[in-house]
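# got a predicted structure here, sequence first:
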Amino acid sequence: MTAVYADSVAPPRDHRPPRRSLHRSVSALVALVVILVVTALGFGLPSADAAAYRITHPVDPDYIDDVFWTDTWGAPRSGGRSHIGVDIMGDRMIPLVAANDSVVTWGEFDNAGGNIVRLRDDAGWEYQYIHINNDTPGTDDGQASCRQAFAAKICETLSGHRIQKGLRFEAGEFIGFLGDSGNAEWTAPHLHFEIYQPSGSGVTAVNPTPYTDAAAANPPPTSGGTESEIAAYELFTAANGRQPGTGESDHVVSGFEAGGQAGAIAALLEDNTEAAKVDRLYRTFFRRSPEGDGLNYWTQRRGNGHDLETIAEWFAESSEFQNRYGSGTFEDFLDQLYLDLLGREPLESGKEYWLDRLRRGEVNRGTIVVHFSEGEEAQRIYQYRTERAVLAHLLGTEPPTNAQLAEWVSLRADRNLAEAVAVVLDASS
């Protein structure tokens, strides 16, 4: 191990966000025991994503104290079915919101058969809202108008009973009202909420309860939050593909309060965000910045719980990587990796360490790249380039050009990070 650190290419740490405590519908202690038992036994939870993936609670945050739910995942239902959702109980006409930035994939306004909508978010997760309201307010008549069931933008684009596919909603945006349509007519009003996780070429139903619990325990500050809290939430989520924990949010809030938007962005750029990791991974694999929405896509994947090694193995299957590194011996590959990423030949001790691990199958040509891109030496070499790439990502602009990178390096030579960010913000305003 000494040889590895001497060569300053050390294995990366896996920074995964902590699990959250559970919701206010039962006592905190009982909720904590329930989720720990469920997690330990593996009932319905994907291995990493349940811990890392975050949603906005499907009930409007102003009404979260007016609903309750319990974990009934897998409970028997009529016809030999099992319950594959969570039933969020409450009064009719409680507003429901989108769980993430997403588009409609299917839905119907059908008071008799049931009002329903299904959304798919930018990372491929899907959310199904069932039993949406079908009654005129104050009644149980099954005669709701479309706007007494769904958001106006849905009603304005109906085609018969069908909701238009591709309609886009932002996380927390109103989509409809809680009700008892469909086969819930003879039960108490509730939202039957389902979550589907990307799995291979399709999706797999997962237990929604841990996700709704976490969302209720740590709601986004989009309603009632201060300007600094909202800015911190939005910036952190963009940079890491997930919602911030309390300490993480406080760090960015402090930056905002000290230096406004530039201070908040600088606080993020100082950290090794998921966007920074993805940018370095691209540079290591492909010798370039991510194109188009690539940085956002893989940052979301990382935030959803995919480890860097898994993403690296996907990258290693690309023809672009295979053409550069795929043929030749392990030794040839390692020599080229050192030259391309670190601009030098390897120390003999470090080279032998990695060759030994490659020969024994402990790493492969994909996963070894992560150890290099997350090493201290690579982070130091690419610090300014990565800062500027993540800054462009946060501002929603194209990846930086060579001229913009050179300008950033010049700025950072005599300015601190917040001052350099402020110059770019002023130039783009």
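Everything's here; your move.
# what residue spans form the domains of the protein?
For the chain, automatic domain parsing gives the domain ranges 28-217, 272-428.
# now do the first one: distance to the chain's middle.
When distances are taken as Cα atoms, centre = their mean, to the nearest Å, domain 28-217 is centred 19 Å away from the chain's centroid.
# so, low pLDDT: which residues of this protein?
1-52, 220, 222-224, 246, 292, 304-305, 326 (pLDDT under 70).
# which stretch among the domains of the chain comes nearest Ser254?
Of all those, it is domain 272-428 that lies closest to Ser254, at 11.8 Å by Cβ to Cβ. Quick note: C-beta positions are derived from backbone N, CA and C, even for glycine.
# still on that earlier bit, columns distance to Ala262 on top of the domains of the chain, output as CSV?
Converted to CSV, these look like this (distance: least, Cβ to Cβ, whole Å):
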stretch, distance to Ala262
domain 28-217, 25
domain 272-428, 4
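# out of the ones you listed, which gets nearest to Ser228?
In terms of Cβ to Cβ, the element of the domains of the chain nearest to Ser228 is domain 272-428, at 14.6 Å.
# of all the domains of the chain, which one is nearest Thr226?
Closest among those, using Cβ to Cβ: domain 28-217, at 14.9 Å.
# where do the strands sit along the chain?
Secondary structure of the chain (DSSP state E): strands located at 86-89, 95-97, 102-108, 115-121, 126-132, 168-169, 174-177, 190-199, 202-206.
# make a markdown table out of those strands and add distance to Tyr53 and mean neighbour count.
Below are those laid out as a markdown table (distance: least, Cβ to Cβ, whole Å; neighbours: other Cβ atoms under 10 Å):
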| stretch | distance to Tyr53 | mean neighbour count |
| --- | --- | --- |
| strand 86-89 | 15 | 22 |
| strand 95-97 | 17 | 22 |
| strand 102-108 | 13 | 19 |
| strand 115-121 | 10 | 23 |
| strand 126-132 | 12 | 23 |
| strand 168-169 | 18 | 18 |
| strand 174-177 | 20 | 24 |
| strand 190-199 | 8 | 21 |
| strand 202-206 | 9 | 15 |
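# out of the ones you listed, flag the one nearest Phe285.
strand 190-199 (21.8 Å).
# between the domains of the chain, which one is closest to Phe256.
Comparing the domains of the chain under Cβ to Cβ, the one sitting nearest is domain 272-428, at 10.6 Å.
# and the end-to-end length of that closest one?
Terminal residues of domain 272-428 are spaced 25 Å apart (Cα to Cα, to the nearest Å).
# start at 51, not 1
Taking 51 as the first residue, the last one we looked at is domain 322-478.
# skipping adjacent residues, who's closest to Pro449 in space?
Nearest residue to Pro449, sequence neighbours excluded (Cβ to Cβ, 6 or more residues apart in numbering): Ser339, at 4.1 Å.
# need the contact list for the one you found.
By Cβ atoms under 8 Å, 6 or more residues apart in numbering, the contact list for Ser339 reads 329, 332-333, 345, 439, 449-450.
# tell me the one of these nearest Ser399?
Arg333 (25.2 Å).
# just give me the neighbour total for the closest residue to that closest one other than its chain neighbours.
The shortest distance from Arg333 to any non-neighbouring residue, by Cβ to Cβ, 6+ apart, is to Tyr432 (6.2 Å). By the criterion of other Cβ atoms under 10 Å, Tyr432 has 18 neighbours.
# quick one: Tyr432 and His240, what's the gap?
From Tyr432 across to His240, the span is 51 Å (Cβ to Cβ, to the nearest Å).
# before we move on, back to that, let's have the strands of the chain in TSV, adding distance to Leu455.
TSV is the format used below for the strands of the chain (distance: least, Cβ to Cβ, whole Å):
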stretch	distance to Leu455
strand 136-139	47
strand 145-147	40
strand 152-158	34
strand 165-171	32
strand 176-182	38
strand 218-219	33
strand 224-227	41
strand 240-249	34
strand 252-256	39
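# quick one, which of these is nearest to Gly353?
Between Gly353 and those, the shortest separation by Cβ to Cβ is 11.5 Å, and it involves strand 165-171.
# so which elements touch that closest one?
strand 152-158, strand 176-182, strand 224-227 (3 or more Cβ pairs under 8 Å, 6 or more residues apart in numbering; DSSP states H and E).
# how far away is the residue nearest to Arg333 from Gly295?
In this view, Tyr432 and Gly295 are 27 Å apart by Cβ to Cβ.
# next up, the contacts around the closest residue to Asp141 other than its chain neighbours.
Closest residue in space to Asp141, ignoring its immediate chain neighbours: Pro239 at 6.3 Å, by Cβ to Cβ, 6+ apart. Shown in contact with Pro239 (Cβ under 8 Å, 6+ apart): 139-142, 181, 183, 228-230.
# nearest to Arg415, of those residues?
Nearest member of the contacts of Pro239 to Arg415, counting by Cβ to Cβ, is His181, at 50.3 Å.
# contacts only, for the closest one.
164-166, 228-232, 234, 239-242.
# contacts only, for the closest residue to it other than its chain neighbours.
Excluding its sequence neighbours, the residue lying closest to His181 (Cβ to Cβ, 6+ apart) is Ala234, at 4.2 Å. Ala234 sits next to 164, 180-181, 240, 242 when contact means Cβ under 8 Å, 6+ apart.
# okay, buried residues for stretch 182-198 please.
Within stretch 182-198, the residues that count as buried by 16 or more other Cβ atoms under 10 Å are 182-185, 194, 196, 198.
# meant to ask about stretch 338-345, not that
339-340, 345.
# do the same with stretch 444-454
Across stretch 444-454, burial judged by 16+ other Cβ under 10 Å covers 444, 449-450, 454.
# do the same with stretch 471-479
Buried residues in stretch 471-479, counted by 16+ other Cβ under 10 Å: 471-472, 474.
# now do the residue nearest to Glu395 when sequence neighbours are not counted against Asp263, distance only.
Leaving aside its sequence neighbours, Glu395 sits nearest to Tyr388 (Cβ to Cβ, 6+ apart; 6.1 Å). Distance of Tyr388 to Asp263, given as Cβ to Cβ: 46 Å.
# okay, those two: which has more neighbours?
Just comparing Tyr388 and Asp263: by other Cβ under 10 Å the higher neighbour count belongs to Asp263, 26 against 20.
# looking at the helices and strands packed on strand 165-171, which is closest to Leu461?
Short answer: strand 152-158, nearest of these by Cβ to Cβ, at 37.2 Å.
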